[in-house]
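Undergrad: sequence and predicted structure, then a few things I'm wondering about:
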Amino acid sequence: MFSHHSSTYPRSWREMSLEFKSMFAYHIGMMVMFMAGGVLTIPLEVGVALTLAAMCVLLSLRHRRQVGWRWPGVSTKEILLALIVIVGGVIFLTAATPMFSPLEPQMLPWYLAGVGIVSFNVLTMLRVITYAESDFVVPAAQAVTAATEATPGPAVPRWHALVRIACTVLFVVAWLDFMAFFYLSGQAFQHGSRTPTVTQTEPMQDHGTVVYVTRDEKARVDLLEQGQVAIPIAIGLALFAHVVLGVKIISNLPTRTEMRQRADNAASSAPMLEGPVKLCANCGLQNIPERQRCKRCGADLGETTP
């Protein structure tokens, strides 16, 4: 549900693609400006961000010429996912504007970092960049990969797809509720009064600061805050469906069925034991004589077989 295509996630700095390393360098620059606390002006901060982004693009273009990279193309689904990421990024950044204005030099680097994250994810969706350098393949290897991905896999029950859709819808609704709460509570707090007035009678607190807002504003914020209970519910249901029901929700996390298949494949490919063994009557696995229960299925073992 949360992945558009199979990809390798690097586990070390060496395995990262040049673009992935460049993203870290860009965000370090944004973090430094953010920690500077508004010492720089807005035009200078924008200039630094554009300079870092241009350097990343130029390094990437040179690297692409060196390895003979060609764009593998994308599917309609991946284009739609890229559009969803753009819309989600715009909603997220807009929701923060009432509390943290992007026109303040101290907060602008935070927004520039958010733009960098959204841009990186969109380009990843469109297969323009990759996380791992090993996925930055030459055209010949791309053809082999495309042929492998085109091979039909085992049939997936229809109810799996319905569960994935239900989890996705619930998660999106919960996320939109949180974004609406973040935005409206920020607006209400920004327009609130330090003292009670005729219309602004309801107290509202944020980080120890109390302001007074209208009854309708307070009711909307409270309702959206109560709706945030859907976030842990959505996460819990997704994990339950993935781990217990075996529905593929999180692409990089194996389900219980996949873990069993991997264990079975590893056991079947293990070398045959020499000498006396205990043969499991349940699954047929050979176990060492000292073992009382089968290593694969946990069944009780009988006598040692010569």
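TA: That came through, no problem. In this text the structure is predicted, and so the values were computed from the model without any measurement. Numbering: from 1, shown residues only.
Undergrad: and the spatially closest residue to Met107 that is not a sequence neighbour, what helix or strand is that in?
TA: In space, and not counting its chain neighbours, Met107 is closest to Phe100: 4.4 Å by C-beta to C-beta, 6 or more residues apart in numbering. The way it works is simple: take the backbone N, C-alpha and C, and place the C-beta from them, glycine included. Using DSSP states H and E, Phe100 sits in no helix or strand.
Undergrad: same check, this time on Ala174
TA: Element membership for Ala174 (DSSP H and E) is helix 158-190.
Undergrad: quick one: contacts for Val115?
TA: Counting by C-beta atoms under 8 Å, 6 or more residues apart in numbering, Val115 makes contact with Gly89, Leu93.
Undergrad: buried residues of the host helix or strand of it, list them for me.
TA: Using DSSP H and E, Val115 sits within helix 108-125. Neighbour counts over helix 108-125 (16 or more other C-beta atoms under 10 Å) mark 108-114, 116, 118-125 as buried.
Undergrad: tell me the one of the residues you listed nearest Pro276?
TA: Closest approach to Pro276 among the buried residues of helix 108-125 (C-beta to C-beta): Thr124, at 54.0 Å.
Undergrad: spell out the residue ranges of the helices in the stretch 1-150 of the chain.
TA: 18-35, 42-67, 76-95, 108-125, 139-150 (DSSP state H, counting those that start in this stretch).
Undergrad: ok, now the stretch 151-300 of the chain?
TA: Counting by DSSP H, counting those that start in this stretch, one finds helices in the stretch 151-300 of the chain at the ranges 158-190, 215-226, 230-243, 256-268.
Undergrad: and the ones you listed as JSON lines, adding distance to Pro276?
TA: Below are the helices of the stretch 151-300 of the chain laid out as JSON lines (distance: least, C-beta to C-beta, whole Å):
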{"stretch": "helix 158-190", "distance to Pro276": "44"}
{"stretch": "helix 215-226", "distance to Pro276": "65"}
{"stretch": "helix 230-243", "distance to Pro276": "38"}
{"stretch": "helix 256-268", "distance to Pro276": "19"}
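Undergrad: in a markdown table, list the ones you listed along with mean neighbour count, mean pLDDT and distance to Val85.
TA: Output for the helices of the stretch 151-300 of the chain, formatted as a markdown table (neighbours: other C-beta atoms under 10 Å; pLDDT from 0 to 100; distance: least, C-beta to C-beta, whole Å):
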| stretch | mean neighbour count | mean pLDDT | distance to Val85 |
| --- | --- | --- | --- |
| helix 158-190 | 17 | 91 | 13 |
| helix 215-226 | 15 | 94 | 23 |
| helix 230-243 | 16 | 89 | 19 |
| helix 256-268 | 12 | 63 | 27 |
